[in-house]
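[1] what follows is a predicted structure for the sequence shown.
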Amino acid sequence: MLRLLFPPKCVLCRRLLKLEETDLCHDCRKDTRQFKKSKSKIPFVAQWTALWYYEGNVRKSILRYKFSRVQSYCLAYARLLALKIQQAQMPEVDIITWVPVSTLRRFKRGFDQSQLLANALGAELNCPVVSTLKKVRNNPPQSGIQEKAARKANVMGVYRVRNPECIRDKSLLLIDDVVTSGSTASECARILMTAGAREISFAAVAATSHENNNKKM
């Protein structure tokens, strides 16, 4: 009955799913470019991965999730990302946490997209989810900044650790929706490591391609 009233759609192309399909239609599952293990390192991050490259229907899907309030997408992203994390043999972690948005941005948007994703992923991986970071400055969006050095400077001093005791000597998995140059993930990992975290892994729904990263650096 629920399927008749609210027929599930592919989170990428929005095509109606067939009975045997979950989250993605057959074409999107087959044709969407999967993120490959990156040779580029993110400072202070032990290992990182993503589901897809940030292009085409993936980009449109994430924009709908963030700006059209299609919050249910976090469940599909989490199911797929949990599988990718397991396949990538990411390190075992004690806590899942996320890159927070500012208070102002959360007020305007109505939710924190990375927090929703982290909560859904925690349920999939049976891992505690803890708010470890607070964004203390509403800096300009990273998407509007092209140069790598400028992106790094834009996030310096933006985040603070909420409670150092809860992360001391813990291994953390940091979650965000999109990673471009890695500057935000690196700054968050640096702050967490400085506060006493043992190791930081990172995962995102999408990452810009290596070619696009080179253009932005």
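    Perfect, I can see it now.

[2] C-alpha only now, for contacts and for neighbours.
    OK.

[3] now the helices for this protein?
    Residue ranges of the helices in the chain, as given by DSSP state H, are 2-5, 26-31, 56-67, 73-87, 103-109, 113-125, 148-155, 183-194, 210-216.

[4] out of the ones you listed, the one nearest residue 44 is which?
    helix 183-194 (5.6 Å; C-alpha to C-alpha).

[5] point out where the protein drops to low pLDDT.
    1-5, 140-146, 210-217 (pLDDT under 70).

[6] give the bridge partners for the residue nearest the centre of it, please.
    For the chain, the residue nearest the mean C-alpha position is residue 176 (2.4 Å; C-alpha atoms, centre = their mean). On the basis of DSSP bridges, residue 176 is bridged to residue 204.

[7] so it sits against residue 99, correct?
    Yes - taking C-alpha atoms under 8 Å as the definition, residue 176 is a contact partner of residue 99 at 5.7 Å.

[8] wait, what's in contact with residue 111?
    By C-alpha atoms under 8 Å, 6 or more residues apart in numbering, no residues touch residue 111.

[9] relative to residue 114, how far out is residue 86?
    Shown here: residue 86 relative to residue 114, a distance of 19 Å by C-alpha to C-alpha, to the nearest Å.

[10] wouldn't residue 51 be in contact with residue 34 here?
    Yes - here residue 51 lies in contact with residue 34, judged by C-alpha under 8 Å, at a distance of 6.1 Å.

[11] how many residues are close by the residue lying closest to residue 104 once chain neighbours are set aside?
    Among residues not flanking residue 104 along the chain, residue 138 sits closest, at 7.1 Å (C-alpha to C-alpha, 6 or more residues apart in numbering). Neighbourhood size, residue 138 [other C-alpha atoms under 10 Å]: 13.

[12] just the CA coordinates for stretch 112-131, please, in CSV.
    Output of stretch 112-131 as CSV, limited to C-alpha atoms (Å, rounded to 0.1, in the frame of the first residue of the first chain):
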residue,chain,number,x,y,z
ASP,A,112,22.2,19.9,8.9
GLN,A,113,22.6,17.6,5.9
SER,A,114,25.8,16.0,7.2
GLN,A,115,24.3,15.4,10.7
LEU,A,116,21.3,13.5,9.1
LEU,A,117,23.7,11.5,7.0
ALA,A,118,25.9,10.6,10.0
ASN,A,119,22.9,9.5,12.1
ALA,A,120,21.7,7.3,9.3
LEU,A,121,25.1,5.9,8.8
GLY,A,122,25.5,5.2,12.5
ALA,A,123,22.3,3.1,12.4
GLU,A,124,23.6,1.2,9.4
LEU,A,125,27.1,0.5,10.9
ASN,A,126,25.8,0.1,14.5
CYS,A,127,28.2,2.8,15.7
PRO,A,128,27.6,5.7,18.1
VAL,A,129,27.1,9.1,16.6
VAL,A,130,28.5,12.0,18.5
SER,A,131,28.4,15.8,17.9
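
[13] and that stretch, how far from the chain's centre?
    Using C-alpha atoms, centre = their mean, to the nearest Å, the mean C-alpha position of stretch 112-131 is found 10 Å from that of the whole chain.

[14] contact partners of it?
    65-66, 71, 74-75, 77-79, 81-82, 94-101, 106, 162, 175-177.
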